[in-house]
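1. let's see this in three dimensions:
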Amino acid sequence: MHSSVEGRITHHLKDRSTPRPYSAATQHVFLTAAGTLTLSPARLALWLCQDRIYAAHAYPRFIGLLISKIPFDGPAVDEELNRETLALLTICLQGVIREVAFFEGVAKEWGLDINGWIERKATRDYTAEMARVAAVGSLEEGLVFLWAMEQVYLDAWKYVKSLFPPRSESEDSTANAIRQLTNNWTTPEFEEFVEKVEDLANRHFARHHHGPSYSAVRAMESIWARVVELEEMFWPEDEEDTRLSSRAF
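-> Predicted coordinates for the structure are as follows:
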């Protein structure tokens, strides 16, 4: 078993190859178009609509189910970790409320219609997997899933930011929206939040698995691979904005 499992399960996961490469989720053609400011307003609006479904509906339920799994009995050292977990998951809920308002504010400011779209299959698949893991998985599995989602998201938007050309006075509203969205998800505060989720996931895993358990590690590897796969599918492909407009029906 990989030696990093004995310390931090997340290090093991990040070092491990997945069926779909990590870059497929973090350097998708959608993200490349966003970073080069060539993304069409319709495709950006379609994605924002899907992300709002994720954030406004699936994410709060996911976090709520994880909160319900926190045990409140056991040694004092466990109690401290449980309280830290509750505090961070509460921050997740507060953050996603702000996030949904932020989506809507950006869309309104830059003229992006995020209401006229059909839900994508990739969105349904993602939210269904979130519900499944939170309902039937353990708390540590849910926390690894949460960390994986946030880590991929952070790395994806850091990739977008790395491609930005120098700002130009001729940039249109879509370019301005992309810059605003990207800046929101590449802040030191967001990076620190992801690190805190990662630390909690590792501590919960270590608490329940003293020494590397083959079945437990395999379960986490499966979660990591599935999140990478889901994140890749979540970015809209070219021409989907034409097929999925509700105004076409």
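
2. rest of the way, CA atoms for contacts and neighbours
-> OK.

3. residue 169 - that's part of a helix, no?
-> No - counting by DSSP: H, G, I helix; E, B strand; the rest coil, residue 169 falls outside a helix, being coil.

4. quick one: neighbours of it, just the number.
-> Residues near residue 169, counting by other Cα atoms under 10 Å, number 5.

5. now it: how far from residue 176?
-> Residue 169 sits 10 Å away from residue 176, going by Cα to Cα, to the nearest Å.

6. so which residue is dead centre in the chain?
-> Nearest to the geometric centre of the chain sits residue 149, at 3.2 Å (Cα atoms, centre = their mean).

7. so it sits against residue 226, correct?
-> No - with contact defined as Cα atoms under 8 Å, residue 149 does not count as touching residue 226 (10.2 Å).

8. so the closest residue to the residue nearest to the centre of the chain other than its chain neighbours versus residue 42, what's the distance?
-> On the basis of Cα to Cα, 6 or more residues apart in numbering, the spatially nearest residue to residue 149 that is not a chain neighbour turns out to be residue 227, at 6.4 Å. Distance of residue 227 to residue 42, given as Cα to Cα: 26 Å.

9. could I have the CA atoms of stretch 105-114 written out in PDB?
-> The C-alpha coordinates for stretch 105-114 follow below in PDB (Å, rounded to 0.1, in the frame of the first residue of the first chain):
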ATOM      1  CA  GLY A 105     -25.600  39.000  -9.400                       C
ATOM      2  CA  VAL A 106     -23.000  38.300 -12.000                       C
ATOM      3  CA  ALA A 107     -25.600  37.100 -14.500                       C
ATOM      4  CA  LYS A 108     -27.700  40.200 -14.000                       C
ATOM      5  CA  GLU A 109     -24.700  42.600 -14.100                       C
ATOM      6  CA  TRP A 110     -23.400  41.200 -17.400                       C
ATOM      7  CA  GLY A 111     -26.600  40.200 -19.100                       C
ATOM      8  CA  LEU A 112     -26.400  36.400 -18.900                       C
ATOM      9  CA  ASP A 113     -29.800  34.600 -19.000                       C
ATOM     10  CA  ILE A 114     -29.400  31.700 -16.600                       C
END
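
10. give me the more crowded residue out of residue 227 and residue 42.
-> residue 227 (23 against 19).

11. in contact with the more buried one, which residues?
-> Residue 227 sits next to 145, 148, 149 when contact means Cα atoms under 8 Å, 6 or more residues apart in numbering.

12. in stretch 183-196, which residues are buried?
-> Judged by neighbour count (16 or more other Cα atoms under 10 Å), stretch 183-196 contains these buried residues: 185, 186, 193, 194.

13. who does the top helix by length along the chain touch, helix- and strand-wise?
-> Ordering each helix of the chain by length in residues (DSSP state H) puts helix 76-109 first. Counting contacts by 3 or more Cα pairs under 8 Å, 6 or more residues apart in numbering; DSSP states H and E, helix 76-109 is packed against helix 41-53, helix 59-68, helix 173-184.

14. so after that helix, what's the next helix or strand?
-> Later in the chain than helix 76-109, the nearest helix or strand by DSSP states H and E is helix 121-136.

15. three-state assignment of the closest residue in space to residue 20 that isn't next to it in sequence?
-> Nearest residue to residue 20 in three dimensions, chain neighbours excluded: residue 229, at 6.1 Å (Cα to Cα, 6+ apart). At residue 229 the chain is in helix, as set by three-state DSSP.
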